[in-house]
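Visitor: What would the 3D arrangement of this be:
(2 chains)
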2 protein chains.
Amino acid sequence: MTETPPAHLFDEATRVTAGDSRWQGRTSPDYWAFVGPFGGVTAATVLRALIQHPQIAGDPLAVTVNYCAPIAEGPFDLDVRLVKANRSSQHWCVELSQGDANAATLATAVFAERRPSWSHQPAVKPDAPPFDQVKRHPDAGMSWTKQYDFRFVEGRPEFGSRSDAPRSAYSRLWISDSKPRKLDCLSVLSMSDAFFGRAFHVRGELIPFGTVSLTTYFHVSREELAAEDITHVLATADAKVFNRSYQDQHGELWSPSGQLLATTTQIAYFKA
Amino acid sequence: MTETPPAHLFDEATRVTAGDSRWQGRTSPDYWAFVGPFGGVTAATVLRALIQHPQIAGDPLAVTVNYCAPIAEGPFDLDVRLVKANRSSQHWCVELSQGDANAATLATAVFAERRPSWSHQPAVKPDAPPFDQVKRHPDAGMSWTKQYDFRFVEGRPEFGSRSDAPRSAYSRLWISDSKPRKLDCLSVLSMSDAFFGRAFHVRGELIPFGTVSLTTYFHVSREELAAEDITHVLATADAKVFNRSYQDQHGELWSPSGQLLATTTQIAYFKA
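Guide: Numbering: from 1, shown residues only, chains lettered A, B, ... in the order given. Next comes the predicted model:
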């Protein structure tokens, strides 16, 4: 038990180095999507630069990532700026760029001290058989999807079976790293972008698609998340409207014990 | 019909002047909340600076506003920056500050050309009697709440009647400007922050409360919104979890004709 395990691919893919206001990262071939890195890993890389920042205080509360342009394969810079610090919260702005080009990704993050308080959870964890009892979804064939173990309880994707009647946009599934990795705020953020495009589900086919803006809220402190000591979440995703080339998506990430860990929403481009 | 009407208070409260990268605005006593301007009007002021910007193109798609610190009564500067422009979308960053202080508000916005596409609306407009047939909620006593006409269909607030059993966090209501004003993207954004704190509803009492981060997505183009030609929306708001001093909120804004105009989510601080 004293052996040092090899780094998890997720930790390699989200590695950042040095810097006070300027950090460096590098795209990973292991988490590649259609035209650039999987957005969840980009978001997690931004968050890793923040949690490793010498000035950071508190827990991540809200992260918004605007995907401005595809990130090319290779190294990138992260310009990390503390916009405002209060007694119990911090507001950060991060720009990811490559060479002299304009930012490819623009993110904001709020960190806060999560003091004990009255608590109440009106939302109810959706029903699902345990992770072990649900069949793993066959590999969807992309580099990043190989890094996740998706186990659909409802609303599995059926691509390549297009019908004109729209199908349900709702999915409920377990998500784990393919190689199990104890969940932390980085992997929760990444998993919050790990749903297949709702347009794919509704139309039963792959179409040109890209997340434009993602917002994820954390509902537990890092300490509470660590205490769950888990490697998978029960996740739901749904969409309310597809109009004029854009769709919404909203989702929930639950611990097996029934704690709502995070909620997420995104708006995405589609061509159809 | 040729008479020039006096400016609507909302338009006065969100007025901005001049500037290419630097704009000016001023807080309005008409939209004042607990310790600063009503956040919806701040968001709308940021959006107004963008839609009046000479370089703007397309329709607002996604707006995120991080409320970093209270804004003091008086003038403020808006530092407006086009972070990245693509063929059909623009990514903006706006910082609101006063004097030499750090930013009090940090916002990002995505504008996009909303091309005609396949469309589909899985979400269903909630039931409600027409606006005219619902009683106006008595004035809640704050400056900004006077500027809105709230008509609760379900989940009206009952402050000052605290009970230990938590009540529903869900509300369904019509929202109009008190003095009717044709809806545009500015007022839709402002209304997306015009729900009473979910914690007030659940606890039946006012407690220290403040929105930390707000994200609103527009699901129609400005042209589609103008074609609705309406002065009120049917709105819903709910919360999933209250934990460690923060709560979420998510909401929908519907046109009377049944079009989902916008969805919104926010995370807010509470003390309880």
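Visitor: What is the longest helix seen in chain A packed up against?
Guide: Counting residues, the longest helix found in chain A (DSSP state H) is helix A:39-51. Counting contacts by 3 or more CB pairs under 8 Å, 6 or more residues apart in numbering or on different chains; DSSP states H and E, helix A:39-51 packs against helix A:9-13, strand A:22-26, strand A:59-67, strand A:75-85, strand A:89-97, strand A:105-112, helix A:185-191, strand A:209-218. No exception for glycine: its C-beta is placed from N, CA and C like everyone else's.
Visitor: So which bits of the stretch 1-150 of chain A are right by chain B?
Guide: A:61-62, A:64, A:66, A:68-69, A:83-84, A:86, A:89, A:91, A:93, A:95, A:102-104, A:106, A:108, A:110, A:112, A:114-123 (CB under 8 Å from any CB of the partner chain).
Visitor: Could you tell me which of the residues you listed count as buried?
Guide: Neighbour-count burial within the residues of the stretch 1-150 of chain A next to chain B applies to A:61-62, A:64, A:66, A:68-69, A:83-84, A:89, A:91, A:93, A:95, A:102-104, A:106, A:108, A:110, A:112, A:114, A:117-118, A:120-123; the criterion is 16 or more other CB atoms under 10 Å in any protein chain shown.
Visitor: what are the phi and psi angles of the closest residue to residue A:101 other than its chain neighbours?
Guide: With CB to CB, 6 or more residues apart in numbering or on different chains as the measure, residue A:69 is the residue that lies nearest to residue A:101, at 7.8 Å, once sequence neighbours are left out. Per-residue torsions, residue A:69: phi -160, psi 160 (degrees, to the nearest 10).
Visitor: Check residue A:260 too.
Guide: With angles defined as degrees, to the nearest 10, residue A:260 shows backbone torsions of phi -80, psi 110.
Visitor: so what's it up against?
Guide: Shown here is residue A:260, whose contacts under the criterion CB atoms under 8 Å, 6 or more residues apart in numbering or on different chains are A:121, A:123, A:125, A:219, A:252, A:253, A:254, B:240, B:241.
Visitor: With distance to residue A:232, pLDDT and secondary structure added, can I get those in TSV?
Guide: Below are these laid out as TSV (distance: CB to CB, whole Å; pLDDT from 0 to 100; DSSP: H, G, I helix; E, B strand; the rest coil):
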residue	distance to residue A:232	pLDDT	secondary structure
A:121	20	98	coil
A:123	19	98	coil
A:125	13	98	coil
A:219	17	98	coil
A:252	14	98	strand
A:253	10	98	strand
A:254	10	98	strand
B:240	20	98	coil
B:241	20	98	coil
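Visitor: Which one (most neighbours) among those?
Guide: Greatest neighbour count in the contacts of residue A:260, by other CB atoms under 10 Å in any protein chain shown, goes to residue A:219: 27 neighbours.
Visitor: Name all residues that make contact with that one.
Guide: With contacts defined as CB under 8 Å, 6+ apart, the neighbours of residue A:219 are A:259, A:260, A:261, A:262, A:263, B:240, B:241, B:243, B:246, B:248.
Visitor: Now, of these, which are buried?
Guide: Among the contacts of residue A:219, those classed as buried by 16+ other CB under 10 Å are A:259, A:260, A:261, A:262, A:263, B:240, B:241, B:243, B:246, B:248.
Visitor: if we take these, which one ends up nearest to residue B:146?
Guide: Proximity to residue B:146 was ranked across the buried ones among the contacts of residue A:219 by CB to CB; first place goes to residue B:248, at 27.3 Å.
Visitor: Verify the contact between that closest one and residue B:270 for me.
Guide: No. Contact status for residue B:248 versus residue B:270: not in contact, 11.3 Å apart, counting by CB atoms under 8 Å.
Visitor: Can you get me a residue count around the residue lying closest to residue A:134 once chain neighbours are set aside?
Guide: Leaving aside its sequence neighbours, residue A:134 sits nearest to residue A:151 (CB to CB, 6+ apart; 3.9 Å). Neighbouring residues of residue A:151 were enumerated by other CB under 10 Å; the total is 22.
Visitor: Checking residue A:151 next. Helix, strand or coil?
Guide: Judged by DSSP: H, G, I helix; E, B strand; the rest coil, the three-state class of residue A:151 is strand.
Visitor: what about it, distance to residue A:264?
Guide: When CB to CB, to the nearest Å is applied, the distance between residue A:151 and residue A:264 equals 19 Å.
Visitor: How much space separates residue A:185 from residue A:86?
Guide: The span separating residue A:185 from residue A:86 equals 20 Å under the rule CB to CB.
Visitor: nearest residue to the residue nearest the centre of chain A other than its sequence neighbours?
Guide: Chain A has residue A:190 as the residue nearest its centroid, 2.5 Å off, counting by CA atoms, centre = their mean. The spatially closest residue to residue A:190, leaving aside those adjacent along the chain, is residue A:40, at 3.6 Å (CB to CB, 6+ apart).
Visitor: Which pLDDT value does the model give that neighbour?
Guide: The predicted local distance difference test score for residue A:40 is 97.
Visitor: Then residue A:87?
Guide: The confidence metric pLDDT takes the value 89 at residue A:87.
Visitor: That one - how many residues pack around it?
Guide: Residue crowding around residue A:87 was assessed by other CB under 10 Å; the count is 5.
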